[in-house]
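S.K.: Sequence plus predicted model, see below.
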Amino acid sequence: MALWLLRRLVQAGFVMLAMSAIVFIGLHAIGNPIDILISPEADQAERARAIAALGLDKPLWEQYWLFLQGALHGDLGRSFVFNEPALRLIAGRMPATLELAVTAVLLSVCIGLPLGLYAGLHPNSFTGRLVMTGSIFGFSLPSFWVGLMLIMVFAVTLGWLPSSGRGETISIAGVGWSFLTVDGWRHLLLPALNLALFNISLVLRLTRAGVRETLPLDYIRFARAKGLTPGRVIYVHVLRNILIPVVTVIGLEFGSTIAFSVVTESVFAWPGMGKLIIDSINVLDRPVIVAYLMITVALFVTINLVVDLLYTLLDPRVRLGGRR
Amino acid sequence: MSGAMREQSPFRRVVADFCANKVAVAGLVTLVIIVALAVFASLIAPQNPYDLAQLDIMDGRQPPGATSMDGLVFWLGTDDQGRDMLSGILYGLRISLIVGAGSAAVAGIVGSSLGLAAAYAGGRIEAAIMRLVDLQLSFPAILVALMILAFIGKGVGNVMLALVIVEWASYARTARAAALSERAREYIEAAEGLALPRSRVVFGHLLPNCLPPLIVIGTIQVARAIALEATLSFLGLGVPITEPSLGLLIANGYQYMLSGKYWISFYPGIALLITIVSINLVGDQLRDVLNPRLQR
């Protein structure tokens, strides 16, 4: 177990290193931030001073080396635009994104699981088919357009919910959270629903397929023959076995949810790190782009690790490395 | 299966099976109409939306059904430039389809070749290619595309390049899986026994038999590519503003939606939705028809 964990950590380290090199070199292969940041009227001396201040005069490998050294010390450079450490800038925006993503994942389970259970137990009923047809739209609809339509219906036409921003936040340990206030929830609901749409369909389809596969199995028939109530059979025997793939997929999708929050945040002007990265790409704010990508890569590597660990807890048959 | 049915050629069987599902046929018909509309956009569209001489800023943001200064009816309204939305959608559809289908085709060729090479070569080459595939697929498409476009900037060609890089891995994985199972078959052994050149074994014997799953993946990937291109264009990282795709048309209407001018974003979105859904319907049915395990 310890060896397995160690191997995975080393592997993760290599992925991070490779990604850092790709990101760093990729970003330096294009566009010159000097042209964007320094006014064209600036004279030669001013230009040189600015270039030196940003460290852009050093050779590429040296810049990368300094970047790596800094990264290991938790310093990913200063934003050209905000003149603030890139890491702090992103860390400041991260709670908003995490709040949105976690709410979206919870929504997808709370909506997807019951609907999938229903569709699996009554596959030929009208409602069951309706749910399945609806889930196709969850996959097909481009999420940014759904977001626009949600704004149009609930914010513009009906006027029930606000169209953008985070609303009132309550600060805990120096970080503002929306989910503690009524106004925050009103702001959170539409973006979270928008972000959850794909996952709702995914959870729904997985649950339905799982129910359909599990119901004819011997142990379910045995549980029924034993005289257990249908409720107990479904909620204990069926549901428990379905949860493994569902938890895996939700775990793996959590990273995608954070990545896709780029779109939702842009539509709803949600002040998270997704909106920050789009703005940064548009002005070529290199340190922020690099820091965002590195943090996201780290996040993904961690999520994959955690999902693997959770797997072993949920399914006793999966033992790491095959042996005890 | 009856005796008469068994004599059908494989192609006719596929066609017959495909037509068994009415919804899928409806999807295919819709798709054909959409492609025809996009191909003949310049003949059908009431105006050329790229020709600035035909646009009049005074016609800007007209609601659907309004009439222009010179008697043209805007069935779907106009955008802020006074561009007829119907024409804009038809031309935008063309760009979305070209980018989507083009990138899926290139990714299909690159990915399938690498997948076949991996399956056929084995050893280190296989390990290297499949590692790359795993790495690629462990990151979501939107993140990879964002990263690439942050490096190389926007533009039609760059978006297509990004989509190819995002998509090739799925083809490679599918091609390798199909090729591995086909490779064990006797006809490959026979071809190798005849000492045919390797390229002929791979492309003449192996590839045709790996095609069914690749066609299914290809169909779904076209839909994914169109959706992703629209998303990237919406974020301002996609196609240039001079030749807007459906995604950019939607983005242009975003700012006017809060004042109730819904049509600028709404109708391009509907066009996008119909396109993606019809492609997915066709792809779903193809998967059922071409899957040998499901054959009745």
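M.R.: That came through fine.
S.K.: Strands along the stretch 51-200 of chain B, start to end?
M.R.: Secondary structure of the stretch 51-200 of chain B (DSSP state E, counting those that start in this stretch): strands at B:66-67, B:73-74.
S.K.: Check which helix or strand residue A:309 maps to.
M.R.: helix A:286-314 (DSSP states H and E).
S.K.: Report the rounded mean pLDDT for that helix.
M.R.: Regarding helix A:286-314, the rounded mean pLDDT is 78.
S.K.: how many neighbours does residue B:98 have?
M.R.: 15 (other CB atoms under 10 Å in any protein chain shown). Just so you know, the C-beta spots here come from the backbone N, C-alpha and C atoms, and that holds for glycine as well.
S.K.: re earlier: which other helices and strands does the helix holding residue A:309 contact?
M.R.: If you count contacts as 3 or more CB pairs under 8 Å, 6 or more residues apart in numbering or on different chains; DSSP states H and E, helix A:286-314 packs onto helix A:2-29, helix A:86-121, helix A:239-268, helix A:273-283, helix B:141-152.
S.K.: Save those as a markdown table, and put in mean neighbour count too.
M.R.: A markdown table is the format used below for the helices and strands packed on helix A:286-314 (neighbours: other CB atoms under 10 Å in any protein chain shown):
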| stretch | mean neighbour count |
| --- | --- |
| helix A:2-29 | 14 |
| helix A:86-121 | 21 |
| helix A:239-268 | 21 |
| helix A:273-283 | 22 |
| helix B:141-152 | 22 |
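S.K.: just so I know, which of the ones you listed lies nearest residue A:200?
M.R.: Minimum separation from residue A:200 across the helices and strands packed on helix A:286-314 (CB to CB) falls at helix A:86-121, 4.5 Å.
S.K.: now that closest one, how far from the chain's geometric center?
M.R.: Counting by CA atoms, centre = their mean, to the nearest Å, helix A:86-121 is centred 8 Å from the centre of its parent chain.
S.K.: That one vs helix A:286-314, what angle?
M.R.: 40 degrees (axes from the mean of the first three to the mean of the last three CA atoms, to 10 degrees).
S.K.: sec struct for the closest residue to residue A:107 other than its chain neighbours, please.
M.R.: Distances taken as CB to CB, 6 or more residues apart in numbering or on different chains place residue A:196 nearest to residue A:107, at 4.1 Å, with adjacent residues excluded. Secondary structure for residue A:196, judged by DSSP: H, G, I helix; E, B strand; the rest coil, is helix.
S.K.: what sits against residue A:264?
M.R.: Residue A:264 makes contacts with A:100, A:143-144, A:147, A:191, A:194-195, A:270, A:274, as judged by CB atoms under 8 Å, 6 or more residues apart in numbering or on different chains.
S.K.: Let's have the residues you listed in TSV, adding pLDDT and distance to chain B.
M.R.: TSV is the format used below for the contacts of residue A:264 (pLDDT from 0 to 100; distance: CB to the nearest CB, whole Å):
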residue	pLDDT	distance to chain B
A:100	90	15
A:143	85	7
A:144	87	5
A:147	88	10
A:191	90	15
A:194	90	13
A:195	90	12
A:270	85	14
A:274	86	10
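S.K.: among the residues you listed, which two are most distant?
M.R.: Among these, A:100 and A:144 lie farthest apart (CB to CB), at 14.8 Å.
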